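Q: Quick one, fold the following:
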Amino acid sequence: MALLELLFAQKKTFHKVGGYNPETTVKEHWDLRLKLEQEGKYLLVPSYTTTSMRRYQQWGLIKATKFWVNYLVRKKNGYEKIR
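A: Numbers count the residues shown, from 1 in each chain. This is a model prediction of the structure:
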């Protein structure tokens, strides 16, 4: 299980800030949160979730681990869209 924050905003505010950017490949919720902060109209609720394993299933453990090490330590993206 992983700690996360649920992000709530009114539909009109979500659309006003342009919603999620489909070109953002990692932490797209963070980008949305920054845009919503400019409007000052959103709510964050702490929650827990089970981590999705789709990357490990599609890439395997070594490739997925290498991706996250590159992203978190070296700030390199190299992300392949899975959605």
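
Q: Leu4 looks like it's in a strand, true?
A: Yes. The secondary structure assignment for Leu4 places it in a strand, going by DSSP: H, G, I helix; E, B strand; the rest coil.

Q: ok, it - how many residues close by?
A: With neighbours defined by other CB atoms under 10 Å, the count for Leu4 comes to 14. C-beta here means a position set from N, CA and C on the backbone, and glycine is covered the same way.

Q: List the beta-bridge partners for it.
A: Beta-bridge partners for Leu4, by DSSP bridges, are Ser47.

Q: pretty sure it contacts Val45?
A: No. In this structure, Leu4 is not within contact of Val45 by CB atoms under 8 Å, at 9.6 Å.

Q: Report the residue ranges of every domain in the protein.
A: Here the domain parsing of the chain from automatic domain parsing is 1-51, 53-83.

Q: First-to-last residue distance for stretch 45-54?
A: Its start and end residues considered, stretch 45-54 measures 25 Å (CA to CA, to the nearest Å).

Q: cool, and stretch 20-32?
A: Taking CA to CA as the measure, stretch 20-32 stretches 6 Å from start to finish.

Q: what ranges do the helices span in the protein?
A: Along the chain, the stretches classed as helices by DSSP state H are 11-16, 28-39, 54-59, 61-74.

Q: Give me the helices and strands touching the first one, please.
A: It stands for helix 11-16. Contacts of helix 11-16 with other secondary structure elements, assessed using 3 or more CB pairs under 8 Å, 6 or more residues apart in numbering; DSSP states H and E, are made with helix 28-39.

Q: buried residues in the helix it packs on?
A: 31-33, 35-36 (16 or more other CB atoms under 10 Å).

Q: For that helix, name the packing helices and strands.
A: Helix 28-39 is packed against strand 2-8, helix 11-16, with contacts defined by 3+ CB pairs under 8 Å, 6+ apart.

Q: re the thing from before, which one of the buried residues of helix 28-39 is nearest Tyr71?
A: When these are compared for distance to Tyr71 (CB to CB), Asp31 comes out closest, at 14.8 Å.

Q: on that earlier part again, same list (the buried residues of helix 28-39) but as a markdown table, adding distance to Leu61 and pLDDT.
A: Converted to a markdown table, the buried residues of helix 28-39 look like this (distance: CB to CB, whole Å; pLDDT from 0 to 100):
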| residue | distance to Leu61 | pLDDT |
| --- | --- | --- |
| Asp31 | 28 | 87 |
| Leu32 | 30 | 89 |
| Arg33 | 30 | 90 |
| Lys35 | 34 | 91 |
| Leu36 | 35 | 93 |
